[in-house]
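S.K.: Quick one: sequence plus predicted model below, questions after.
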Amino acid sequence: MIFKREFKRNIKSLIIWSIVLGSLILLTLSIFPQFAEQQKEMTKLLESLPESMIKAFGLDQLNIGDLMGYYGVRVYAMTTLLGSIYSAILASNILAKEENEKTIEFLLSKPITRSQIVTEKLFVVLVNIFILNGVSTIASIIGFQFTKDQEVPTDTFTLLIVAAILLHLTFAALAFMLSSIMKKTRNILSVSLGVVLVTYFMNILSGISEDIEFLKYFSPFKYVDPAPIINDNAIEPLYIFVMAAVILISIVMAYMVYRKKDIAV
């Protein structure tokens, strides 16, 4: 009951985000042939940029004249950021809004436990994230058809998809935990989006100067950096472990807090 109701309530935003993200991916990949033809001009342009900016966006490690390098810098970077924002927005409201909208009394009057409420709402978050990533994957595959027979390594592309999903789940889990702890949806949303944007800029800043390079260890975006995935065809096992731990701990905390929480009805 809860899953169906919650999924219907969020289907409109899922469709909008899917259309926007899918369209941006198709548009970005559609201009790759022209971009590749002008590679010499683009190389000169990149050489004119400050070295710190080149390092910040990984342009020193990826060749954007190559399809996968272009995909990593342009498409993948967009997918990870927008997907993380969507995941944070979705998960940050899904538990707390019942109290804000005064519908929690109706739910608690039904023969369901608090753990059941958390489980079904969590399942909605997971399904929505996987659907969004499924749309971005399909859009990418369609977009690859515009790239004039450029080779797409299936294993590398798969790793990029897995990395993006792990990142989105990490931010969703953190926002979901906050949704169980805090009561006001505006505050939860602000904190959740703040975490996403701050860690994103921490990742960029860590590449600008060696003095603040340590910031990368506090940013999940660095854990799924496209350069090592594309160049080494692997995701660092330690980073996978850290993200998995954050996801698991956040979800367990959400269950523990929500089961004992003094809910205002």
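M.R.: Structure's in. What do you need?
S.K.: quick one: the strands in the chain?
M.R.: In the chain, no segments count as strands under DSSP state E.
S.K.: what ranges of it fall below the confidence cut-off?
M.R.: 36, 38-61, 98-109, 185, 262-265 (pLDDT under 70).
S.K.: Okay, helices next: where are they in it?
M.R.: If you assign secondary structure with DSSP state H, the helices in the chain sit at 2-30, 32-37, 39-48, 51-56, 67-70, 77-93, 97-100, 104-108, 114-143, 154-181, 185-206, 220-223, 226-232, 237-260.
S.K.: Tell me the helices and strands packed up against the second one.
M.R.: Other elements packing on helix 32-37 under the criterion 3 or more Cβ pairs under 8 Å, 6 or more residues apart in numbering; DSSP states H and E are helix 67-70. Any C-beta I mention is one placed from the backbone N, CA and C, and that applies to glycine too.
S.K.: Repeat that for the first one.
M.R.: Using 3+ Cβ pairs under 8 Å, 6+ apart as the contact test, the elements touching helix 2-30 are helix 77-93, helix 114-143.
S.K.: With mean neighbour count and distance to Glu213 as new columns, can the helices of the chain be given to me in a markdown table?
M.R.: Formatted as a markdown table, the helices of the chain follow (neighbours: other Cβ atoms under 10 Å; distance: least, Cβ to Cβ, whole Å):
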| stretch | mean neighbour count | distance to Glu213 |
| --- | --- | --- |
| helix 2-30 | 16 | 29 |
| helix 32-37 | 15 | 30 |
| helix 39-48 | 11 | 22 |
| helix 51-56 | 14 | 10 |
| helix 67-70 | 21 | 22 |
| helix 77-93 | 23 | 19 |
| helix 97-100 | 18 | 39 |
| helix 104-108 | 15 | 45 |
| helix 114-143 | 18 | 30 |
| helix 154-181 | 22 | 20 |
| helix 185-206 | 18 | 5 |
| helix 220-223 | 22 | 10 |
| helix 226-232 | 18 | 15 |
| helix 237-260 | 15 | 16 |
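S.K.: ok so, going back, output the helices and strands packed on helix 2-30 in TSV; the columns should cover distance to Phe157.
M.R.: What follows is the helices and strands packed on helix 2-30, written out as TSV (distance: least, Cβ to Cβ, whole Å):
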stretch	distance to Phe157
helix 77-93	12
helix 114-143	8
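S.K.: For Leu189, which of those is the nearest?
M.R.: For those, proximity to Leu189 was assessed by Cβ to Cβ; helix 77-93 is nearest, at 4.9 Å.
S.K.: Kindly export that closest one (C-alpha atoms) in PDB.
M.R.: Coordinates of the C-alpha atoms in helix 77-93 are reproduced here as PDB (Å, rounded to 0.1, in the frame of the first residue of the first chain):
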ATOM      1  CA  ALA A  77      30.200  14.200 -14.900                       C
ATOM      2  CA  MET A  78      26.700  15.600 -15.600                       C
ATOM      3  CA  THR A  79      25.000  12.300 -14.800                       C
ATOM      4  CA  THR A  80      26.700  11.900 -11.500                       C
ATOM      5  CA  LEU A  81      26.000  15.400 -10.300                       C
ATOM      6  CA  LEU A  82      22.300  15.700 -11.500                       C
ATOM      7  CA  GLY A  83      21.600  12.100 -10.400                       C
ATOM      8  CA  SER A  84      23.000  12.900  -6.900                       C
ATOM      9  CA  ILE A  85      20.900  16.000  -6.600                       C
ATOM     10  CA  TYR A  86      17.800  14.100  -7.600                       C
ATOM     11  CA  SER A  87      18.600  11.200  -5.100                       C
ATOM     12  CA  ALA A  88      19.100  13.700  -2.300                       C
ATOM     13  CA  ILE A  89      15.900  15.500  -3.000                       C
ATOM     14  CA  LEU A  90      13.900  12.300  -3.200                       C
ATOM     15  CA  ALA A  91      15.300  10.700  -0.100                       C
ATOM     16  CA  SER A  92      15.300  13.800   2.100                       C
ATOM     17  CA  ASN A  93      11.600  14.300   2.000                       C
END
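S.K.: Now render the helices of the chain as a markdown table, adding distance to Phe214.
M.R.: Conversion of those to a markdown table gives the following (distance: least, Cβ to Cβ, whole Å):
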| stretch | distance to Phe214 |
| --- | --- |
| helix 2-30 | 32 |
| helix 32-37 | 34 |
| helix 39-48 | 27 |
| helix 51-56 | 15 |
| helix 67-70 | 27 |
| helix 77-93 | 21 |
| helix 97-100 | 37 |
| helix 104-108 | 42 |
| helix 114-143 | 30 |
| helix 154-181 | 20 |
| helix 185-206 | 7 |
| helix 220-223 | 11 |
| helix 226-232 | 18 |
| helix 237-260 | 15 |
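S.K.: Kind regards, and thank you for your time.
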